[in-house]
Structures are given as C-alpha cells and as structure tokens.
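Visitor: Return a 3D structure for these sequence lines:
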Amino acid sequence: MNDPIQFRRITESDLPKLSEWLRRPHVAEWWDDQTSPEAVRAKYLPRLSESSTVVPYIAFHGNEPIGYIQSYVAACCGDGWWPDITDTGVVGIDQFLADGANLGQGLGSAMVAAFVKKLLADPAVTLIQTDPSPNNARAIRCYEKAGFRKIGLVATPDGEALLMLVGRAAPASLLSVVRRWAELREDVLGLAVVGSQARGDARPDSDVDLVLVCREPSRLLVDTAWVSNFGEAYEVCREDWGLVQSVRVVYQDGQEVEFGVTGIGWTETPPDGGTAAVVRGGFSILLDRDGSLSRLKACVEESG
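Guide: Alright, predicted model coming up:
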C-alpha cells in the first residue's frame, strides 16, 4: 500500500460504473436502494454541479479506482438530516470500497484517513462526522482506525445511526467534539469554555476549562466513562468546588481538560462572587438551550 490514495471528483462518465458498484452485494447491504443507471443518474448528476453541498469522488490507489467517497455540508442537508447543526464547517462523509476482496485489508481506513486529511486542509472545515449503521461493525472499525470516535446513537431519516467524529488537533477539535456530544444529550442544558481558552490567550500547554450545566449533574459524576468520547483518558480525578464538581482528565495525547459539572442553580442571577469571577475571567458559550448562560453573562457584564 505504498502508492498514495488520491481523489478525483466524479464526472458524468463515471455514473454507469457507480451504478454497477452500488449493485455489488457488499455495497448494497449497507448503501443505497437507488442503483439502476437511471436512478443513479437522477440522484448523482445534480451533485456534479460546483454549487452542490454534496461532493462525490472516486478514490484511486495508484492508478486503480478503489471506491467511492463523498463529503457533504451537514447544515445544508435538509429533509430531516442534522437539523441541530448550524455550523457550516461541519462536514460529513460516506464511502465504500468497490471490490469486496479489499475488505478487511486496511485499504478502507487508509482511504478514509487520506480523505479526512484532504478535507481538513480547508480551514473552513471545523469538524468531520460520519454515521454508519450501529450494526455495521466493519465500517465502525474502519472509521475508528482512521481516527474517528464514537459519540452516540442518533435518529436519522434512514433509521438509527452511530455518530462518529474526528477533527483538528486539540483544543479546537476537542471543543467541536464536546459541543456535538452535548447537543445530543438532552440532560446537558449549557456548555461554556472558561479561562484562557475563552480569552484567546492560552499557551500551547494550557489546559481546557469547560462548564457543563446539567439537569441532573449526578448522572455525569457517578459514571465518568463519558470522558472517553473525547480521547483516551490517562488519568481521571474529581475535585469538589461547591456548586461545581470538577472532573479533571489528562488524555493520552497530553491534553488536560477540566469539566466543571454543575446544575441550573449555578446560572441564577445575580450570581455569587465566585461565579461572577469565572465569567469575568473569560466565558465563551458553546451551547445554551434555555438561555441561562447568556443571561448570566449579560448580568455579570452589566454589573461591571
């Protein structure tokens, strides 16, 4: 597998080949029921336009075409897909290998990893997601080998799917992944970055400080396995700061993150002196379902 994997945007002349690939049993099992040449032409021909938010590619290993892969702007999908996403930098991918004989050889994960690298070369891309069937163990392993992490089950127009994410180097990637994770949990009402990361003056070795406002904080404190959604945890410890309970995590890549888990009472206005000091020290809101974090921030700013 020494030859690089490269990608070429699909052309109209590729559509008959794509139709044939889609009918192969190992692809049809998980992919698309629109496989006739007419159906493929109707579905994919509009995606060849430069204005399309779904961009299809043929992947090549050396000179050999090995599969299909596409990117899409998640916020622009419509038809019930990803209605919670407003960040146009979140890009989704779907893919398959054309030849069933290549399955389980590492070629799929290499193709995905190369495509992720290509997408992240665009600074406008903030996060990459994929959503395999939870029953498609081969695809899930492929994405994990390419750096994706499981976030949780989500409901889609095609049924239940497993949301998986990968992003840039921490902390930017971490913040994007934590926000997507929080958006999927109804018990998380708010998420904010505090301290130097929020002020914009963090050093390369600075930790990441987050506040999670929860309906039932105990759910995240009794079982802290959720921290593994964001990386492989090397060390996890708890600290008691009164209204805020800290879950401090050191990840294998060296990134240190403090998750301050608290209840809705922490956002009450006017805030106590400790809460006000946290807000004044740098406070960037990533999720605010009920507006309580925005009201807290406004109250502190108005008080001077």
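Visitor: how about Val125, what does it touch?
Guide: By Cβ atoms under 8 Å, 6 or more residues apart in numbering, the contact list for Val125 reads Gly89, Val91, Leu119. For every residue, glycine as well, the C-beta is placed using N, CA and C.
Visitor: State whether it is indeed within a strand.
Guide: No: Val125: not assigned to a strand; according to DSSP: H, G, I helix; E, B strand; the rest coil it is coil.
Visitor: How about Val278: what's its closest non-neighbour residue?
Guide: Val194 (5.5 Å; Cβ to Cβ, 6 or more residues apart in numbering).
Visitor: Run through the bridge partners of the one you found.
Guide: Asp209, Phe283 (DSSP bridges).
Visitor: Give me the neighbour count for it.
Guide: Using other Cβ atoms under 10 Å, Val194 has 19 other residues around it.
Visitor: per-residue confidence at it?
Guide: In this model, Val194 is scored at 97, pLDDT.
Visitor: Pretty sure Phe283 is one of the things it touches, is it not?
Guide: Yes: between Val194 and Phe283 a contact is recorded at 5.6 Å, counting by Cβ atoms under 8 Å.
Visitor: and Glu160, how many neighbours?
Guide: 12.
Visitor: tell me what the worst-scoring helix or strand of the chain on mean pLDDT is packed against?
Guide: One helix or strand of the chain scores below all others by mean pLDDT, DSSP states H and E: helix 172-183, with a mean of 88. With contacts taken as 3 or more Cβ pairs under 8 Å, 6 or more residues apart in numbering; DSSP states H and E, helix 172-183 sits against strand 127-130, strand 149-156, strand 159-166, strand 188-194, strand 208-214, strand 283-288.
Visitor: so that helix versus strand 283-288, what angle?
Guide: With axes from the mean of the first three to the mean of the last three Cα atoms, to 10 degrees as the basis, helix 172-183 and strand 283-288 are set at 40 degrees to each other.
Visitor: For helix 172-183, C-alpha coordinates in CSV please.
Guide: Taking C-alpha atoms only, helix 172-183 is exported to CSV below (Å, rounded to 0.1, in the frame of the first residue of the first chain):
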residue,chain,number,x,y,z
ALA,A,172,-10.1,23.3,18.6
SER,A,173,-11.1,19.7,17.7
LEU,A,174,-11.9,18.9,21.3
LEU,A,175,-14.3,21.8,21.7
SER,A,176,-16.1,20.9,18.5
VAL,A,177,-16.5,17.3,19.6
VAL,A,178,-17.6,18.2,23.1
ARG,A,179,-20.2,20.6,21.7
ARG,A,180,-21.6,17.9,19.3
TRP,A,181,-21.7,15.4,22.2
ALA,A,182,-23.5,18.0,24.4
GLU,A,183,-26.1,18.7,21.6
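Visitor: Counting neighbours, which bits of that helix end up buried?
Guide: Using 16 or more other Cβ atoms under 10 Å as the test for burial, helix 172-183 gives Ser173, Leu174, Leu175, Ser176, Val177, Val178, Arg179, Arg180, Trp181, Ala182, Glu183.
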